[in-house]
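>>> I need the structure of the sequence given here:
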Amino acid sequence: MLFYFKNTFFAIVCTFLLPVFFAFGQTAATSYEKLWKMIDADSTPNEQKLHYLDQYLEKAQQENNLLEEYQALKKKDLYCSV
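Residues are numbered from 1 along each chain as shown. Presented below is the predicted three-dimensional model:
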């Protein structure tokens, strides 16, 4: 009986919860890519780019992602020196 319950529960989880997770889940990489595209867009003014860089940097610090943090600081230094 317990074995049947575990299999049924696993089937329900795989059938309903996993597709919902994959359909609506946002990965960290896609959120970084969206911000980075807005930063690199030529039509975005520099003040707005600095705002997006601050958001990017804050997100990287919250997730303890040193590579993304380094890239944001390097890009921010470039825009601040212009």
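>>> Let me see the ranges of the helices in this protein.
Per DSSP state H, the chain carries helices over the ranges 2-12, 18-24, 28-40, 46-62, 66-81.
>>> by contact count, what packs against the fourth one?
Looking back up the chat, that one is helix 46-62. When contacts are defined as 3 or more CB pairs under 8 Å, 6 or more residues apart in numbering; DSSP states H and E, helix 46-62 packs onto helix 28-40, helix 66-81. C-beta coordinates here come from the backbone N, C-alpha and C atoms, glycine included.
>>> what about the first one, distance to the chain center?
Distance of helix 28-40 from its chain centroid, counting by CA atoms, centre = their mean, to the nearest Å, is 8 Å.
>>> before we move on, what about the longest one?
Relative to the chain's own centre, helix 66-81 is displaced by 17 Å; criterion: CA atoms, centre = their mean.
>>> Output it as PDB, nothing but the C-alphas.
Extracted as PDB, the C-alpha positions of helix 66-81 are listed here (Å, rounded to 0.1, in the frame of the first residue of the first chain):
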ATOM      1  CA  LEU A  66      31.200  37.300  -8.400                       C
ATOM      2  CA  LEU A  67      31.600  37.000 -12.200                       C
ATOM      3  CA  GLU A  68      28.500  38.900 -12.900                       C
ATOM      4  CA  GLU A  69      29.400  41.400 -10.200                       C
ATOM      5  CA  TYR A  70      32.800  41.900 -11.800                       C
ATOM      6  CA  GLN A  71      31.300  42.400 -15.200                       C
ATOM      7  CA  ALA A  72      28.800  45.000 -13.900                       C
ATOM      8  CA  LEU A  73      31.600  46.900 -12.000                       C
ATOM      9  CA  LYS A  74      33.800  47.000 -15.100                       C
ATOM     10  CA  LYS A  75      30.900  48.200 -17.300                       C
ATOM     11  CA  LYS A  76      29.900  50.800 -14.700                       C
ATOM     12  CA  ASP A  77      33.400  52.100 -14.500                       C
ATOM     13  CA  LEU A  78      33.400  52.500 -18.200                       C
ATOM     14  CA  TYR A  79      30.100  54.500 -18.200                       C
ATOM     15  CA  CYS A  80      31.200  56.700 -15.200                       C
ATOM     16  CA  SER A  81      34.400  57.600 -16.900                       C
END
